[in-house]
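Dropping the sequence and predicted coords here.
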2 protein chains.
Amino acid sequence: MTTNQHGRDFAAWTGAIQARVEAALGRLLPAPDIVPQRLHQAMRYAVLGGGKRVRPLLAFAAGEVAGADASRVEIVACAVECIHAYSLVHDDLPCMDDDVLRRGRPTCHVEYDEATALLVGDSLQALAFQLLAEYRLAEDAAVQLEMLRMLAAACGSRGMAGGQAIDLGSVGKALTLAELEHMHIHKTGALIRVSVALGARCGAALSRQELENLDRYAKLVGLAFQVVDDVLDCEASTATLGKTAGKDAAARKPTYVTVLGAAGARALAEELRADAHAALSGFGAKPGRLAALADFVVLRKF
Amino acid sequence: MTTNQHGRDFAAWTGAIQARVEAALGRLLPAPDIVPQRLHQAMRYAVLGGGKRVRPLLAFAAGEVAGADASRVEIVACAVECIHAYSLVHDDLPCMDDDVLRRGRPTCHVEYDEATALLVGDSLQALAFQLLAEYRLAEDAAVQLEMLRMLAAACGSRGMAGGQAIDLGSVGKALTLAELEHMHIHKTGALIRVSVALGARCGAALSRQELENLDRYAKLVGLAFQVVDDVLDCEASTATLGKTAGKDAAARKPTYVTVLGAAGARALAEELRADAHAALSGFGAKPGRLAALADFVVLRKF
């Protein structure tokens, strides 16, 4: 295939996965007419109809490497997306980032109210664990328990929520590159890594070396994602992003741009992309989607 | 044994379980010097050093009926207590009940800050699922997956968080007794029921009939707990309760006292206690602790 054909093939694949995940989330979220209706409507508002679905894409691409059944990866993809959506709803609350725009629409607490948004996040977290426990995702139930443990660890105080706490404590501070990386490895990295890990575990058992390589890839992509997010927050418009641009600077938050400058941050993202490709070298031609996703994450414009 | 001896034996048992759960929570919560320290300190503040530990007591008593290994029940007890503590931290936030006093101390967001309290709740929910996934709780991993599913369902939008949403929607309304019961079966009942169910599932498999009887008992005790809570909110002092008294009336919330009057609510609690005892009749002498806990829940003064 030519580069253009590869590009078209990848775009078709991402579109198909995004549509599949959207449909699955629509089925797996409680219907809007189930009591309590307002909560269920707000949960659907927070999850459906938007987002790049980067974590589901990573789960599906990792699942392909392990020859996983797509119907199993679909559940994992919905679970990590529920966690991601919950984290956005809580991060946007007035006591956190106090943001009014997300995915081009009013944030959940603006569209509904703060109390409902709080419960939306709480309920989405519970739903993610319910999905991983309810559907059969591995031949061996012990493997599935380990998947649940990994998701819980990635979400908790030593994962995503902990990264959020470190972020809160960093406002107005000048962080070193290492400190910034530490924060993001938790705040956005933990969920991205576990998306890859869970997708892979839906399939045939990979070797320890293969799992380590996938995890290295995921860690690099997670960091690249954040570096690019920081650049876009600086350089793109609110209309393009669908969320408030320039808010890091307004909130006096240390970012890759404040630490490295925009050009330095772009160079770092390129380096991380190359390293992510290198981490996949042991798989031969198999992990084509994962490689393309590393490019997608770094080259995206929103 | 005489009634007094029974009373002393039960008091010694509850004291021992409370101490055991306190120690286990102290071990299982991240240490206060682990990064992010402030979050971990706030999590410990929210969970340790207080509370009647009603849900852990129920889990241990149900575990006894099934001959469960106490070290397994201990993990279940800590998980349900983490969920309970998270729900209190989030319920006390300004956008919910806006309360400043809990267990005789400032609430978590008063002692720390709102953003930290939000993350404390989020992290405690994740920790509960991590505990249930990480430790071996059943011979059959499939049984343990089912335990995780049950906890997630009890926490989510059709369980505890949903009950909270119904509660939000009820302020200033005159509910019927059936509507009030519907709210509380979710808001406090779901977690109490799952505490009993999970404790029992740490032991030898019970018959379907036995599990149904235990669940019936737990549902009745959960309702009795809420009825008594409403009476105490009206009749006891803030000093006795360790939380703000009279807040239901101040918040114009429908309660068992507003619907039935204080005497009617007390009579209902008595009826529920008798029904809870009756639900245990099939077990012979075995469920002595469960029967005593039904008494404890109804006869408590705080």
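Noted; the coordinates are in hand.

my guess is A:A85 contacts A:L124, does it?
Yes - A:A85 is within contact range of A:L124, at 5.7 Å (criterion: Cβ atoms under 8 Å). Yep, even glycine has a C-beta here, placed from its N, CA and C like the rest.

between the two, what contacts are shared?
Jointly contacting A:A85 and A:L124 under the rule Cβ atoms under 8 Å, 6 or more residues apart in numbering or on different chains are A:A46, A:V47.

and A:H40, how many neighbours?
22 (other Cβ atoms under 10 Å in any protein chain shown).

and the nearest residue to it once chain neighbours are set aside, what element?
Leaving out its chain neighbours, the residue that sits closest to A:H40 by Cβ to Cβ, 6 or more residues apart in numbering or on different chains is A:P30, at 4.5 Å. According to DSSP states H and E, A:P30 maps onto no helix or strand at all.

do A:L137 as well
Using DSSP H and E, A:L137 sits within no helix or strand.

May I have the phi/psi pair for it?
phi -120, psi -10 (degrees, to the nearest 10).

any idea how far chain B is from it?
Going from A:L137 to chain B by Cβ to the nearest Cβ, to the nearest Å gives 10 Å.

Same question for A:E235.
Separation of A:E235 from chain B (Cβ to the nearest Cβ): 28 Å.

Give me the neighbour count for that residue.
15.

since we're on whichever residue of the stretch 201-302 of chain A sits closest to chain B, how many residues are nearby?
Nearest residue of the stretch 201-302 of chain A to chain B: A:A251, at 12.4 Å (Cβ to the nearest Cβ). Neighbours of A:A251 under the rule other Cβ under 10 Å: 14.

Could you find the closest non-adjacent residue to it?
In space, and not counting its chain neighbours, A:A251 is closest to A:V171: 6.3 Å by Cβ to Cβ, 6+ apart.

That neighbour is in contact with A:T255, isn't it?
No - between A:V171 and A:T255 there is no contact under Cβ under 8 Å: 11.5 Å.

Among these two, which residue is more densely surrounded?
Higher neighbour count among A:V171 and A:T255: A:T255, with 22 against 11, using other Cβ under 10 Å.

Surely that one is in contact with A:D233?
Yes - under the criterion of Cβ under 8 Å, A:T255 makes contact with A:D233 at 7.0 Å.

how much space is there between A:P254 and A:E235?
With distances taken as Cβ to Cβ, to the nearest Å, A:P254 is found 17 Å from A:E235.

Do a quick rundown of the helices in the stretch 151-300 of chain A.
A:160-170, A:177-184, A:190-201, A:208-235, A:238-241, A:247-250, A:256-279, A:288-299 (DSSP state H, counting those that start in this stretch).

need the contact list for A:A269.
Taking Cβ under 8 Å, 6+ apart, one finds A:A224, A:V227, A:V228, A:V231, A:V298 in contact with A:A269.

State the pLDDT value of the residue most central in space within chain A.
Geometric centre of chain A, nearest residue: A:R55, 4.1 Å, by Cα atoms, centre = their mean. Model confidence at A:R55, given as pLDDT, is 98.

Assumed it was part of a helix.
Yes - residue state for A:R55 (DSSP: H, G, I helix; E, B strand; the rest coil) corresponds to a helix.

isn't A:L93 right next to A:A117, touching?
Yes - with contacts counted by Cβ under 8 Å, A:L93 reaches A:A117, the gap being 6.1 Å.

what residues are shared contacts of those two?
With contacts taken as Cβ under 8 Å, 6+ apart, A:L93 and A:A117 have A:H109 as neighbours in common.

one step back: backbone torsions only: list them for the residue nearest to A:H40.
According to degrees, to the nearest 10, A:P30 has phi -60, psi 140.

residues in contact with it?
A:P30 sits next to A:H40, A:M43, B:S157, B:R158 when contact means Cβ under 8 Å, 6+ apart.

how close does it sit to A:S237?
36 Å.

need the residues of the stretch 1-150 of chain A near chain B, please.
Proximity of the stretch 1-150 of chain A to chain B, by Cβ under 8 Å from any Cβ of the partner chain, involves residues A:30, A:34-36, A:38-40, A:43, A:86, A:90, A:93, A:95-96, A:113-116, A:118-119, A:121-123, A:125-127, A:129-130, A:132-134, A:140-142, A:144-146, A:148-149.

low pLDDT regions in the stretch 151-300 of chain A?
Low-confidence regions of the stretch 151-300 of chain A, defined here as pLDDT under 70, do not occur.

Give me every residue in it that's in contact range of chain B.
Checking the stretch 151-300 of chain A against chain B by Cβ under 8 Å from any Cβ, the hits are A:151-153, A:155-159, A:161-162, A:164-166, A:168-169.

can you do 10 Å?
By the rule Cβ under 10 Å from any Cβ of the partner chain, the part of the stretch 151-300 of chain A lying against chain B is A:151-169, A:182-183, A:186.

Could you tell me the phi and psi values at A:P32?
Main-chain dihedrals, A:P32, degrees, to the nearest 10: phi -70, psi -10.

Now it: closest residue in space, sequence neighbours ignored.
Nearest to A:P32 is A:Q41, by Cβ to Cβ, 6+ apart, at 4.7 Å.

Who are the contact partners of the one you found?
A:P30, A:A31, A:P32, A:D33, A:I34, A:E111, A:Y112, A:T116, A:V120 (Cβ atoms under 10 Å, 6 or more residues apart in numbering or on different chains).

my read: the fourth one touches A:R44, true?
No - counting by Cβ atoms under 10 Å, A:D33 does not reach A:R44; the two are 11.0 Å apart.

More neighbours: which of the two?
Legend: neighbour count by other Cβ under 10 Å for A:D33 and A:R44, higher for A:R44 (17 against 8).

Can you verify my assumption that the more buried one contacts A:V120?
Yes - A:R44 lies in contact with A:V120 (Cβ under 10 Å); the separation is 9.5 Å.
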